[in-house]
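>>> Return atomic coordinates for the entry below.
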Amino acid sequence: VQLVESGGGLVQAGDSLRVSCAASGGTFSGYDVGWFRQAPGNEREFVAAISWRGGDTLYTDSVEGRFTISRDDAGNTVDLQMNSLKPEDTAIYYCGARRALFYSIRDRRPNYDFWGQGTQVTVSS
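Below you'll find the model as predicted:
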């Protein structure tokens, strides 16, 4: 599965932004999908994940209530809607896909099978 992120950009604090992850040449069927982010000098950190059937979601505490992860019915795209953005949300955002059969969605480690190239999100104060 090839993953392609899109939708990053430069916004001001308090604004909203949606980033998308598309499965190129296939679907996310059977895969949990997660969003991670990495700021300069920091490790890649978990942001949100959604189960392959879409019925279960998980968020890191710092984005709970501001970010929403969702997937389309066709199983080809997973979006991360980001509201009330803060400067500390600035990072490169990566999506990953992981076979749901072998891991719990609650596993926040970046042990995903496939990754996209990342999309830059910059929030100015």
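>>> When you work out contacts or count neighbours from here on, use the C-alpha atoms and nothing else.
Noted.
>>> Tell me how many other residues surround the nearest residue to G9 once chain neighbours are set aside.
In space, and not counting its chain neighbours, G9 is closest to V121: 5.1 Å by C-alpha to C-alpha, 6 or more residues apart in numbering. For V121, the count of nearby residues is 23 (other C-alpha atoms under 10 Å).
>>> can you tell me which helix or strand V121 belongs to?
strand 119-124 (DSSP states H and E).
>>> How far does that strand sit from its chain's centre?
Computed by C-alpha atoms, centre = their mean, to the nearest Å, the chain-centroid distance of strand 119-124 equals 14 Å.
>>> Going by contacts, tell me the helices and strands next to it.
Here strand 119-124 touches strand 9-12, strand 91-99, going by 3 or more C-alpha pairs under 8 Å, 6 or more residues apart in numbering; DSSP states H and E.
>>> E88 in helix, strand or coil?
helix (DSSP: H, G, I helix; E, B strand; the rest coil).
>>> Return the residues in contact with it.
Contacts for E88 (C-alpha atoms under 8 Å, 6 or more residues apart in numbering) come out as V123.
>>> before we move on, the earlier item: which one of the helices and strands packed on strand 119-124 is the most hemmed in?
Neighbour counts (mean count of other C-alpha atoms under 10 Å) averaged over each of the helices and strands packed on strand 119-124 peak at strand 91-99, with a mean of 24.
>>> Tell me the first helix or strand C-terminal of that strand.
Next along the chain from strand 91-99, counting by DSSP H and E, comes strand 114-115.
>>> Pull up the pairing partners for that following strand, direction included.
Sheet pairing of strand 114-115 (DSSP bridges) gives strand 91-99 (antiparallel).
>>> Quick check: mean pLDDT of the strand it pairs with?
For strand 91-99, mean pLDDT is 97.
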